[in-house]
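Student: Sequence plus predicted model, see below.
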Amino acid sequence: MKKQIKKFINHLESKNMSVHTIRAYKIDIGQFAKFIEKFFYKGNIEIEKINKIMFRDFLQHLSEKGDKNRTLARKVISIKSFFTYLLNNDMIENNPILGVDIPKFGKHTATFLSEKEMKFVLSIPDDDTKFGIRNRAILEVLYSTGVRISELAGLKLEDVSFKEELIKVFGKRKKTRIVPIGKIALKYLKDYLKIRHIFLKNKKTDRLFLSKNGNPLSADELRYIIDKYLKIIEKSQNYSPHTVRHSFATHLLDRGADLRSVQELLGHTNLSSTEIYTHTSMKKLKEIYNQAHPHGDKKEDF
């Protein structure tokens, strides 16, 4: 892929584009290449096998890190231009990101798992292995609290209160919030803490979740772990680690939680960011309406 990127940059230079524009294209495409190399290939990238799911995971990854829509839009344009160039010059047969719009994350309908699907995902890790115990705890905490991957990576031992059943979360823009954590998640978290010393390997850290080498798990490493389990049930859906957060919010609304409470739990500054979940819960609301309202969709004899 490096050769193709170099050819594309040379092409841009031949069109007398500004140095700043070319530099932005190079950074954006290079960033995408590094992302898929790290999470999907672990080596040389097979450019023909790049697909839309990889690209959307990349955008979601950037969004979680705090990139704004303006930045994300620029990256979409840069990478689209790159693949269009490859297609027009017969270097690829299909454009893998054709049809991907400039992201408007506040307005898109969230992809989520049903409660049954979520229960299945949580059951996949093998509780007989240290990695299975750790990964089950990661999934349970993520689903129980709805925290972002970056927030999960930042959790420390002292941030969890087993007595109060609460966790302290350090979110975007350095804002702190307190979030309830369920008894089931706490149970699996206790199981993990019993063996956490095995991961430490004589190292010292107060971070909650650790890698096999005893280092704190980064957000990228957590994404990789979670993605591994989601891919088992992926089918045709574009599931990503953020899907667990979406599922958390959707299931709360389905069971009667109000939008303002969900907003606080998710750490959204604006209610508009939380409103994407009302679309996913609309089917459930319609069912309740039809059952409860006198003029709902009921069979009546007139």
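Tutor: Looks like it came in fine.
Student: In terms of helices and strands, where is Lys3?
Tutor: Here Lys3, judged by DSSP states H and E, is contained in helix 2-14.
Student: Which of the three states applies to Asp127?
Tutor: Using DSSP: H, G, I helix; E, B strand; the rest coil, the structure places Asp127 in coil.
Student: Could I get the pLDDT score of Ile195?
Tutor: Model confidence at Ile195, given as pLDDT, is 96.
Student: try His293
Tutor: His293 is given a pLDDT of 62.
Student: got it, and His268?
Tutor: 66.
Student: and if you look at Ser78?
Tutor: At Ser78, pLDDT is 89.
Student: now swap in Ile97 and tell me
Tutor: Ile97 is given a pLDDT of 79.
Student: before we move on, what about the one 10 residues further on?
Tutor: Note on Lys107: pLDDT of 46.
Student: next one: Glu264
Tutor: 77.
Student: contacting residues for the residue nearest in space to the middle of the chain?
Tutor: For the chain, the residue whose C-alpha lies nearest the mean C-alpha position (C-alpha atoms, centre = their mean) is His242; its distance is 2.5 Å. By C-beta atoms under 8 Å, 6 or more residues apart in numbering, the residues touching His242 are Gln60, Glu64, Arg148, Ile149. Where you see a C-beta, it was placed from the backbone N, CA and C, and this is true even at glycine.
Student: Farthest-apart pair in those, please.
Tutor: Gln60 and Arg148 (10.6 Å; C-beta to C-beta).
Student: between those two, who's got more neighbours?
Tutor: Taking neighbours as other C-beta atoms under 10 Å, Gln60 and Arg148 compare with Arg148 leading, 23 against 20.
Student: and the more buried one, what is it in contact with?
Tutor: Per C-beta under 8 Å, 6+ apart, neighbours of Arg148: Glu64, Gly171, Lys172, His242, Arg245, Gly267.
Student: How about Ile50?
Tutor: Ile50 neighbours (C-beta under 8 Å, 6+ apart): Ile36, Pro96.
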